[in-house]
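J.: any chance you could fold what I've pasted below:
(one chain, ligands or ions: 1)
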Amino acid sequence: MSRVEVLDTSALLSWSVDALEGGFVVEGQRAEINRIAPERILSIEAARLNWISPSNNSLKEATELAMVTGDLVGLSKTDLSILALALEKNGRVHTDDYRLQNLCSAAGLEWSSVETTGISQIWSWEVRCPGCGNVEEARKETAPAGENVGNCKNCGAGLRVSRKR
Ligand SMILES: [Zn+2]
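T.: Presented below is the predicted three-dimensional model:
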């Protein structure tokens, strides 16, 4: 690999050890692999990957970008670190996560799909109340997709993360 190739967890799980060689990954992915596919950890340790912890500055940059695009809610902490690493190294991100792809596009970073074909346009996400239609500001904390993101300040209904209309 001639440039910095940042690999998300789906790449770590589906690529051969040879293909992983020299790739850049974040420390948080080790725990993710141990949880999702512990049988895979030995192959991953055998590949000469660059395990990086992104700096606080690039994490801050990634968080701010995700707040602007509305991708922060639903983005995992690991994905946020992957974005921070890509920003720090000006790397190309290999991911099937639409939010991460969207963020790379917004940041002017290259990305490639691991398995699926990628999105063709930039998506924006928002936290919307299904009851009264109130749209909340992007949150600071991250939450997995589909998880409860709190209740509407106006009517108390459960808020949903949805694609911006
Ligand atoms: Zn409401």
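J.: which bits of this protein sit near the ion?
T.: Counting by Cβ under 5 Å from the ion, the chain comes close to the ion at 129, 131-132, 134, 152, 154-155, 157. No exception for glycine: its C-beta is placed from N, CA and C like everyone else's.
J.: where does this protein have low pLDDT?
T.: Applying pLDDT under 70 to the chain flags residues 1-2, 116-125, 137-148, 163-165.
J.: now the strands for it?
T.: Per DSSP state E, the chain carries strands over the ranges 5-7, 24-26, 50-52, 73-74, 92-94, 111-112, 125-128, 135-136, 143-144, 160-163.
J.: mean neighbour count, these: which tops it?
T.: strand 5-7 (a mean of 27; mean count of other Cβ atoms under 10 Å).
J.: which stretches of this structure form helices?
T.: Taking DSSP state H, the helices of the chain run over residues 9-14, 17-20, 28-36, 41-46, 56-69, 77-89, 98-107.
J.: need the winner for burial among those helices.
T.: helix 77-89 (a mean of 24).
J.: and the closest residue to residue 92 other than its chain neighbours, how close does it get to the ion?
T.: Among residues not flanking residue 92 along the chain, residue 110 sits closest, at 4.0 Å (Cβ to Cβ, 6 or more residues apart in numbering). Using Cβ to the ion, to the nearest Å, residue 110 is found at 39 Å from the ion.
J.: which residues touch residue 110?
T.: Applying Cβ atoms under 8 Å, 6 or more residues apart in numbering to residue 110 gives the contacts 92-93, 104.
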